[in-house]
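In: Predicted coordinates and the sequence they were generated for:
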Amino acid sequence: MSSPDRFLNVGLLGCGTIGSGVYHLVKKNKKELERACGMPVGISRILVKDPDEPRPFPVDKKFLSTNSEEILSDEKIDVFIEVMGGIEPARTFCLKALKSGKHLITANKELLARHGQEIMEAAAENDSIVMFEASVGGGIPIICPLESSMGGDRIKKIMGIVNGTTNYVLSNMSSSGSDFHSALHEAQKLGYAEANPQADIEGSDAASKLAILCSVAFQVGMSGEQVYREGINFIRPADLANAAEMGYATKLLAIAERDGEEISARVHPTMIPLDHPLAAVSGNFNAIFVVGESVGELMFYGEGAGSLPTATAILGDVVKISRNIKDPSVFRRPYWSNPCRVKSVDELTTKFYMVLEVIDRPGVLAKIAKVFGENKVSLESVVQKGLGGEAEIVLITHEVVEKNFQAARSELLGLDVVKDIPSVIRVESTEAYEGQR
Ligand SMILES: NC(=O)c1ccc[n+]([C@@H]2O[C@H](COP(=O)([O-])OP(=O)(O)OC[C@H]3O[C@@H](n4cnc5c(N)ncnc54)[C@H](OP(=O)(O)O)[C@@H]3O)[C@@H](O)[C@H]2O)c1
């Protein structure tokens with residue numbers, strides 16, 4: 001590795017939305033970066049698939065190459081920034097860089113949520129540093145606060161809006177009353193949703209990010225597959241209107257909690273009281289609400305994606321690497337090899353919002369109440385809305401064990417008076433954290 005005392009030599013793996021933003025900021029903020037790093041920083045090699053591809057920010061073509069072997073074996077490079085995305089060949093390239101003693105910065109949540117342990121082990125074996133601030137929350141600093149600023153506290157709970165696409169879609173549906181497909185189409189037109197938005201709307205992007213947050217906050221190795229998830233495609237405009245009437249905003253939340261040696265981790269649409277700070281996070285913004293045993297409640301808010309916000313998070317990692325380059329052990333993460341005991345969603349306790357389409361005749365409510373009672377589900381509020389010969393019952397339960405609620409739901413669907421249950425959404429109760437200080 002070249003002497004970091006004189007120059008920090010960076011290799012970019014990928015130069016699309018984020019990579020070209022990094023290139024742009026390294027040039028534009030040269031002085032600020034040099035001051036923060038204590039040494040000049042320069043990008044000397046850039047790996048791409050097609051050098052003629054148009055890029056969001058102009059890049060000098062002399063740096064571009066399609067030869068991964070040549071770039072990865074360049075002795076002069078100190079730090080690789082992986083902004084290619086996907087699992088392969090990103091995984092192979094990252095491991096190769098670490099095995100040759102290079103430091104690594106990655107924005108790739110999918111890779112870390114699936115192969116984080118392998119990557120951290122390779123870094124430890126080769127005295128390399130891995131940084132990944134941009135992998136969760138785009139430009140929002142969250143990994144560093146969890147790792148360093150809150151390093152002396154015990155983190156109890158994390159609740160995040162970590163996917164801008166779904167937040168935009170739900171916000172648009174709430175404000176305009178449009179249905180899911182129209183709101184998604186609008187998000188695609190504005191560039192807030194990918195042409196293939198599957199990973200966003202099904203919750204798997206948020207699940208990868210939650211797995212990374214859990215690993216750092218709870219010092220375990222968690223994978224995205226261990227996170228329970230539900231997407232937002234079943235949400236109806238009527239549910240959002242009902243939620244608002246009852247004093248709630250509906251968000252796709254990534255929620256994780258520590259319970260002794262076990263962790264619960266889930267991503268699903270959630271109704272959250274309008275006076276909770278997360279309820280006000282709208283459009284494509286992200287926010288991560290963290291509860292620390294001693295520090296209490298904190299919220300981190302900002303642009304969760306986009307070229308320059310995300311590139312800024314990457315430059316922050318460049319600064320940290322340059323400052324710690326003489327003591328890489330600071331950023332070893334042996335905890336990523338710790339197995340993680342994740343609670344089954346069946347064991348979790350939450351409130352539920354449910355809509356039942358029923359036949360409008362006497363005795364219906366009694367039949368429904370009987371099913372709830374037999375399954376130990378008690379009700380916080382019930383509203384009946386008449387629709388001619390049919391009616392809609394909108395209810396919210398008290399806190400209930402998931403398994404009991406799901407048993408009641410199945411039984412209700414079997415009743416002759418229940419035509420359908422079009423909506424079930426979990427409701428987050430948010431008593432202010434009293435602390436264990
Ligand atoms: N976009 C965001 O707002 C955002 C926010 C946070 C994190 N991230 C993460 O950042 C990473 C990059 O995202 P992005 O939006 O910048 O992606 P992108 O615009 O698709 O850029 C990907 C880049 O990687 C290059 N590349 C892909 N496969 C390659 C291969 N096999 N060999 C060589 N080069 C290859 C592409 O080359 P060509 O240009 O030649 O095609 C392109 O320059 C992803 O992990 C993503 O999840 C993105």
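Out: Thanks, I have it.
In: what's near enough to touch N67?
Out: L47 (C-beta atoms under 8 Å, 6 or more residues apart in numbering). Where you see a C-beta, it was placed from the backbone N, CA and C, and this is true even at glycine.
In: Tell me how far it lies from the ligand.
Out: 10 Å (C-beta to the nearest ligand atom, to the nearest Å).
In: Tell me which residue in this structure sits closest to the ligand.
Out: G16 (2.0 Å; C-beta to the nearest ligand atom).
In: if I pick that residue, what's in contact with it?
Out: Applying C-beta under 8 Å, 6+ apart to G16 gives the contacts 55-56, 83, 85.
In: try V319
Out: By C-beta under 8 Å, 6+ apart, the neighbours of V319 are 33, 36-37.
In: Closest one of these to V371?
Out: Among the contacts of V319, A36 lies closest to V371 (C-beta to C-beta), at 61.5 Å.
In: contacting residues for the residue sitting furthest away from the middle of the chain?
Out: In the chain, P362 marks the outermost C-alpha relative to the chain mean, sitting 46.2 Å out by C-alpha atoms, centre = their mean. Taking C-beta under 8 Å, 6+ apart, we find P362 in contact with no residue.
In: Quick check: end-to-end length of stretch 149-163?
Out: 24 Å (C-alpha to C-alpha, to the nearest Å).
In: Residues contacting the helix or strand where C94 lies, please?
Out: Secondary-structure assignment from DSSP states H and E places C94 in helix 90-99. For helix 90-99, contacts defined as C-beta under 8 Å, 6+ apart pick out 11, 13, 47, 68, 72, 80, 82, 84, 104, 106, 108, 111, 115, 118-119, 122-123, 125-126, 128, 130.
In: Can you tell me which of the contacts of G16 has the most neighbours?
Out: V83 (26 neighbours; other C-beta atoms under 10 Å).
In: What count of nearby residues applies to K370?
Out: Neighbour number of K370 under other C-beta under 10 Å is 12.
In: Could you say which helix or strand holds it?
Out: Per DSSP H and E: helix 364-374 holds K370.
In: on that earlier part again, which of the contacts of helix 90-99 fall within strands?
Out: Of the contacts of helix 90-99, the ones assigned to strands by DSSP state E are 11, 13, 47, 80, 82, 104, 106, 130.
In: Tell me the buried residues within those residues.
Out: 11, 13, 47, 80, 82, 104, 106, 130 (16 or more other C-beta atoms under 10 Å).
In: I figured the fifth one hits N108, correct?
Out: Yes - assessed by C-beta atoms under 8 Å, E82 is found in contact with N108 at 5.9 Å.
In: Output the contacting helices and strands for the lowest-mean-pLDDT helix or strand in the chain.
Out: Every helix and strand in the chain was compared by mean pLDDT, DSSP states H and E; the lowest is strand 379-387, with a mean of 88. On a contact count with 3 or more C-beta pairs under 8 Å, 6 or more residues apart in numbering; DSSP states H and E, strand 379-387 meets helix 364-374, strand 390-397.
In: Now do the helix or strand following the last one: which elements does it pack against?
Out: In other words, strand 390-397. Downstream of strand 390-397, the first helix or strand assigned by DSSP H and E is strand 400-401. Here strand 400-401 touches strand 349-359, going by 3+ C-beta pairs under 8 Å, 6+ apart.
In: TSV please, covering the helices and strands packed on strand 379-387 and showing mean pLDDT and distance to the ligand.
Out: Listed next are the helices and strands packed on strand 379-387 as TSV, based on pLDDT from 0 to 100; distance: least, C-beta to the nearest ligand atom, whole Å:
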stretch	mean pLDDT	distance to the ligand
helix 364-374	96	43
strand 390-397	94	35
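In: what's the most buried one of these?
Out: strand 390-397 (a mean of 19; mean count of other C-beta atoms under 10 Å).
In: Give the other helices and strands that that strand contacts.
Out: Secondary elements touching strand 390-397 (3+ C-beta pairs under 8 Å, 6+ apart): strand 349-359, helix 364-374, strand 379-387.
In: Output these as TSV; include the columns distance to L146.
Out: Shown next, in TSV, are those (distance: least, C-beta to C-beta, whole Å):
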stretch	distance to L146
strand 349-359	24
helix 364-374	39
strand 379-387	33
